[in-house]
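In: the sequence isn't on hand, but the structure is:
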């Protein structure tokens, strides 16, 4: 497998495990989530200031300057009166903040991710303010995380999930992913919205990322939580692959599977 730095020079990545290989550009050591970690936001005024006055405009300008664009935002209107989950492919560092800043205008977007960023203690308050929800290993903390997610979507906020779990920079296809992350919308009976980042531009030049929203998918009331988890997973994967296949994407980084 290619390491996390050499591919920037060679523009080639060798991979072997679609579910577990990670090519994060700034991969940090993943510390354990502290036992006393509070997943729920506190201090609405301070949190809102950091989110709307600091993070959203500054990081939003970064996205706009770097050519990030969103298509089919009309598909958000159907969900404006409720909480929901966005599922997207994981292909850029800006995935951490592009939905919060320019992808969803009128709702707060929270993101579930690994605990890498917690290694930078000075940035923890900002991360919590913009809705970063680190994945713990401790079973008691997992329950707290689940409770926090339930409260967020029941308060009509958005939770962003990258089911592929690991970053593959500039990748132009949809990787297969597990169904486990779809337990949340199945358990809380909330719709999901697929979103796919596609890479467009001229050959041999760094492409721009365009995020294309799919159509909302709702849990089936006749299915159990486990059955709905698998149903939402299947429908989301099909829709994401369909969206990705519609575009003639630029292969800025060549991905080669190792035998």
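Out: Yep, it's here. What you see is a predicted model; the values in this text were computed from it and never measured. Residues are numbered from 1 along each chain as shown.

In: longest helix in the chain, by residue count?
Out: As assigned by DSSP state H, the longest helix anywhere in the chain is helix 225-245.

In: quick check: mean pLDDT across that one?
Out: In this model, helix 225-245 has a mean pLDDT of 98.

In: what of stretch 9-28?
Out: Averaging pLDDT along stretch 9-28 gives 83.

In: show me which positions of that stretch end up buried.
Out: 13-15, 21-23 (16 or more other CB atoms under 10 Å). For every residue, glycine as well, the C-beta is placed using N, CA and C.

In: also stretch 136-149?
Out: For stretch 136-149, using 16+ other CB under 10 Å, the buried residues are 136, 141, 144-145, 148-149.

In: nearest to residue 55, of those?
Out: The shortest approach to residue 55 among the buried residues of stretch 136-149 belongs to residue 148, at 19.1 Å (CB to CB).

In: now residue 256: phi and psi?
Out: With angles defined as degrees, to the nearest 10, residue 256 sits at phi -120, psi 130.

In: could you measure from residue 219 over to residue 225?
Out: From residue 219 across to residue 225, the span is 9 Å (CB to CB, to the nearest Å).

In: for the two, list the residues in contact with both.
Out: Overlap of the contact sets of residue 219 and residue 225 (by CB atoms under 8 Å, 6 or more residues apart in numbering) consists of residue 186.

In: so if I had to pick from these two, which one is more boxed in?
Out: Neighbour comparison, residue 219 and residue 225: the larger count goes to residue 219, with 21 against 13 (by other CB atoms under 10 Å).

In: in TSV: the buried residues of stretch 136-149, plus pLDDT and secondary structure.
Out: Output for the buried residues of stretch 136-149, formatted as TSV (pLDDT from 0 to 100; DSSP: H, G, I helix; E, B strand; the rest coil):
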residue	pLDDT	secondary structure
136	89	coil
141	91	helix
144	92	helix
145	94	helix
148	94	helix
149	96	helix
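
In: per-residue confidence at the closest residue to residue 107 other than its chain neighbours?
Out: Distances taken as CB to CB, 6 or more residues apart in numbering place residue 158 nearest to residue 107, at 5.1 Å, with adjacent residues excluded. Looking at residue 158, its pLDDT is 97.

In: residue 158: what's it in contact with?
Out: Going by CB under 8 Å, 6+ apart, residue 158 touches 83-86, 99, 104, 107-110.
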